[in-house]
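1. starting from these lines, generate the structure:
(chains A, B, C and D)
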Number of protein chains: 2
Amino acid sequence: MTMSATQAEACPIVQVIDRVAGKWSVSILIAATRAPVRYTELEREVPGISRRMLTLTLRNLERDGLLTRKVYPTVPPKVEYSATDGARELYAHLVGLTEWAQRHQPDIIAARAAYDQAQLADAETGA
Amino acid sequence: MTMSATQAEACPIVQVIDRVAGKWSVSILIAATRAPVRYTELEREVPGISRRMLTLTLRNLERDGLLTRKVYPTVPPKVEYSATDGARELYAHLVGLTEWAQRHQPDIIAARAAYDQAQLADAETGA
DNA sequence: CTGTATCCTAGTGGATACTG
DNA sequence: CAGTATCCACTAGGATACAG
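-> Numbers count the residues shown, from 1 in each chain, chains lettered A, B, ... in the order given. The predicted structure follows:
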């Protein structure tokens, strides 16, 4: 995802890809689609994410209307993030992609191995 | 897309996103799905792409088995890129996302405007 | 025509100290 | 708890000269 505020982009596929392409967007979306999650929960459920990126990604998803942020004015504060209906709909489409990925995972691994093997052979021939 | 050779990644959604998330992957995939395309044709059909990124993206898509590269040993050389069956299947799924994006485009624009407006108001209050 | 090699910039993302 | 601010590293990506 381009984190900067990209202006109107022609191709709608590119738009949706941009919205979801960040390193963390999907993971956060999945978590928030299952149930409302708190900031610290996300830190745990999305292993490896930094505070900075967690906040940044949350803000972007919220800005795009994919997540809602609910603050409980308690002490200590409690904040819950939930997926909106739009996000849930989007997620349903992403599941289609998941299935494609799972079906083709062996193919892709094989394709890569074959490609890398061919490159290696070429390099040796050249040397 | 992470251009570097990422090793086995757990979540299949992330895999597919990574494969398609580059700034140019989708545009190239679309062009090559319509019909076999030559290098120079792509340079024209994908406006704004640099030679470097065109080659890089083509190689990555080829490595993942989404594109095939056919070289005609003529003078001057002729090279055609075509989408594989796997890529066509993937593209079909991407169309679902397109439709989502088109349906929700107004919502997203509105959500962003509202969010930015709220931020602006907060900033003024704070100042 | 179809690339590759090189140099450069901007932005993504990581680590972490600090705060209400 | 839920962030924000700061500094830093890496790499995606652009421009372009050169080559088979």
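
2. could you use CA atoms for every contact and neighbour count after this?
-> Will do.

3. gap between the residue nearest the centre of chain A and residue B:69?
-> By CA atoms, centre = their mean, chain A has its centre lying nearest to residue A:26, at 2.4 Å. Using CA to CA, to the nearest Å, one gets 32 Å for the distance from residue A:26 to residue B:69.

4. is DNA strand C contacted by the lowest-mean-pLDDT helix or strand in chain A?
-> Using mean pLDDT, DSSP states H and E, helix A:12-20 stands out as the lowest-scoring helix or strand of chain A, at a mean of 81. No: against DNA strand C, helix A:12-20 shows no contacts by CA under 7 Å from any atom of the strand, the least distance being 9.8 Å.

5. longest helix in chain A, by residue count?
-> In chain A, ranked by residue count with DSSP state H as the criterion, the top helix is helix A:85-126.

6. do that one and chain B meet?
-> Yes: residues of helix A:85-126 contacting chain B under CA under 8 Å from any CA of the partner chain: A:86, A:89-90, A:93-102, A:104, A:107-109, A:111-112, A:115-116.

7. check stretch A:59-74 too.
-> Yes: Stretch A:59-74 is in contact with chain B by CA under 8 Å from any CA, via A:63, A:64, A:65.

8. now the last one: phi and psi?
-> Note on residue A:65: its backbone torsions stand at phi 80, psi 20 [degrees, to the nearest 10].

9. can you tell me the element residue A:68 falls in?
-> Secondary structure from DSSP states H and E places residue A:68 in strand A:67-72.

10. flag every buried residue along the very next helix or strand once past that strand.
-> As assigned by DSSP H and E, the chain's next helix or strand after strand A:67-72 is strand A:78-83. If you call a residue buried by 16 or more other CA atoms under 10 Å in any protein chain shown, then strand A:78-83 has these buried ones: A:80, A:81, A:82, A:83.

11. so where's chain A shaky on pLDDT?
-> By pLDDT under 70, the low-scoring segments of chain A are A:1-10, A:126-127.

12. residues of it that sit close to DNA strand D?
-> Checking chain A against DNA strand D by CA under 7 Å from any atom of the strand, the hits are A:38-41, A:51-52, A:55-56, A:76-80.
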